[in-house]
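Q: Here's my sequence, what's the structure:
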Amino acid sequence: MTMTVVNSVTEAAPVTADGVRCAVADSFTQWRTLVSQSFVPLEVRNASRTFHGTLRSRVLDELSIVEVSANGHQVVRTPTLIAASTRQYFKLNLQLSGTGLLVQDNREATLRPGDLAVYDTNRPYTLEFERDFRTLVLMFPHDVLDLPADSVGQLTAVRLPGDAGLGRLISPFMVQLAENLDVLSGASGHRLAYNAVDLVATMFESELNLRRDKGAHGDLLGRIRSYVDAHLGDPELCPASIAAAHFISTRHLHNVFHEADSTVASWIRSRRLEHCRRDLRDPILTDRSVGTIAARWGFVDAAHFSRIFRTAFGETPSTYRRA
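A: Now for the predicted structure:
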């Protein structure tokens, strides 16, 4: 069974005085077990007789930040292991030292220090390090990212250089996360982890805009999604108001979303639910009632909000908050 990132390892690994969990393997057999427990089940391969590896981790809600230092080896996510998994994650790697080769979706990315790359645990991938290396892994569920998973799929195993574009801002920020796992605790750590995901989403969106040849509908869809995100708290947000704001008919609006295999209503609902879910787990907002959080994101009927939240996430908002 796939575990939420590092949960089983962190339960067993010793905790330092600053709250960082550290797990050490002095043999490849230990490392194989450690890696699969720390992320998602993986095949781990190595040809050398001696091996040493260390994982330093911090788990914040559903996000995990793990610094990996080890001798060269290879990890493989196979279809069999994927079939046994229950949750879908993205993993973002920041190469800190050494080099790595990421293969997924018929693409290859060679990563050097400062480079970033994303991959999806729901599809087969291979990650190989020929020599000693150090890397930072940020692992998060698909649904915490403010982008459709199929859009992110266009960027898997694509090298995102740390010395160009938004990488010049985001790579140093991620390096600082690796160097300061000890201060990522409590409400501030929670916020910083989600800020990291938001920054990553911004970089992905920028890369997608640069790489794809978008038609008129693609441009319009991007503008509409940005508009929706900016007006989620408005209970009057609806297809008619969105169409009017973009000087198009509601029929045209529905066609634009249909081409993206979505609907206007489902997009609004999913974005509102994700923001509510994030707020319910935010330690800074514990003094706000469930109803207040729901209203903040456009749900004016508390009973309706509770029903659709339970349908989407399998439990009531109050139960989810206490988890």
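Q: from here on, contacts and neighbour counts on C-alpha atoms
A: Noted.
Q: which residue packs closest to the spatially most central residue of the chain, ignoring adjacent ones?
A: The residue at the geometric middle of the chain, judged as the C-alpha nearest the mean C-alpha position with C-alpha atoms, centre = their mean, is Phe140 (3.3 Å). Ranked by C-alpha to C-alpha, 6 or more residues apart in numbering and with sequence neighbours excluded, the top spatial neighbour of Phe140 is Leu63, at 4.9 Å.
Q: Name whatever forms a beta bridge with the one you found.
A: In this structure, Leu63 has beta-bridge partners Leu60, where bridges are defined by DSSP bridges.
Q: mind listing what it touches?
A: Contacts of Leu63 were listed using C-alpha atoms under 8 Å, 6 or more residues apart in numbering, and they are Val5, Leu138, Met139, Phe140, Pro141, Ala193, Tyr194.
Q: Show me those residues that map onto strands.
A: Judged by DSSP state E, the contacts of Leu63 include Leu138, Met139, Phe140, Pro141 as members of strands.
Q: By neighbour count, which of those residues wins?
A: Of all the ones in strands among the contacts of Leu63, the highest neighbour tally under other C-alpha atoms under 10 Å goes to Met139, namely 26 neighbours.
Q: Burial check on the closest residue to it other than its chain neighbours, number of neighbours?
A: Setting aside the residues directly before and after it, Met139 is nearest to Lys91 in space (C-alpha to C-alpha, 6+ apart), at 4.4 Å. Burial of Lys91 is recorded as 21 neighbouring residues (other C-alpha under 10 Å).
Q: swap in Val290?
A: Residue neighbour count, defined by other C-alpha under 10 Å, stands at 20 for Val290.
Q: Same check on the one 10 residues further on?
A: When neighbours are counted by other C-alpha under 10 Å, Val300 registers 16.
Q: who touches Leu55 in this structure?
A: Residues in contact with Leu55, defined by C-alpha under 8 Å, 6+ apart, are Cys22, Ala23, Val24, Val66, Glu67, Val68, Ser69.
Q: Check the gap between Val256 and Arg107 for me.
A: Plainly put, Val256 is 29 Å away from Arg107 if you go by C-alpha to C-alpha, to the nearest Å.
Q: Tell me which of those two has more neighbours.
A: Between Val256 and Arg107, counted using other C-alpha under 10 Å, the more crowded position is Val256 (20 against 13).
Q: Would you agree that one is in contact with Leu221?
A: Yes. With contacts counted by C-alpha atoms under 8 Å, Val256 reaches Leu221, the gap being 6.5 Å.
Q: which helix is the longest one in this protein?
A: Taking DSSP state H as the criterion, the chain has its longest helix at helix 186-211.
Q: which is the next helix or strand following that one?
A: If you walk from helix 186-211 toward the C-terminus, the next helix or strand you reach (DSSP states H and E) is helix 216-230.
Q: and that next one, what other elements does it pack with?
A: With contacts defined as 3 or more C-alpha pairs under 8 Å, 6 or more residues apart in numbering; DSSP states H and E, the secondary structure elements packing on helix 216-230 are helix 239-245, helix 250-259.
Q: Quick one, which of these gets closest to Val300.
A: Closest approach to Val300 among the helices and strands packed on helix 216-230 (C-alpha to C-alpha): helix 239-245, 17.6 Å.
Q: So which bits of the closest one are buried?
A: By neighbour count on 16 or more other C-alpha atoms under 10 Å, the buried set for helix 239-245 is Pro239, Ile242, Ala243.
Q: Name the surrounding residues that touch stretch 118-132.
A: Outside stretch 118-132, the residues within contact range by C-alpha under 8 Å, 6+ apart are 40, 69-79, 82, 88-93, 98-105, 153, 155-158.
Q: In helices only, show me these.
A: Under the assignment DSSP H, the contacts of stretch 118-132 contribute Pro79, Ile82 to helices.
Q: Now restrict the contacts of stretch 118-132 to buried residues only.
A: When burial is judged by neighbour count using 16+ other C-alpha under 10 Å, the buried members of these are 40, 69-78, 82, 88-93, 98-104, 153, 155-158.
Q: contacting residues for Val152?
A: Taking C-alpha under 8 Å, 6+ apart as the criterion, Val152 is in contact with Phe204.
Q: Please apply the same query to the one 10 residues further on.
A: When contacts are counted by C-alpha under 8 Å, 6+ apart, Gly162 is found next to Gly114, Asp115, Leu116, Arg168, Leu169, Ile170, Ser171, Pro172.
Q: make it 7 Å
A: Residues in contact with Gly162, defined by C-alpha atoms under 7 Å, 6 or more residues apart in numbering, are Gly114, Asp115, Leu116, Arg168, Ser171.
Q: Quick one, which of those residues are buried?
A: Buried by 16+ other C-alpha under 10 Å: Gly114, Asp115, Leu116, Ser171, out of the contacts of Gly162.
Q: helices or strands next to the strand or helix carrying Ser36 in the packing?
A: Using DSSP H and E, Ser36 sits within helix 28-38. Other helices and strands packing on helix 28-38, by 3 or more C-alpha pairs under 7 Å, 6 or more residues apart in numbering; DSSP states H and E, are helix 7-12.
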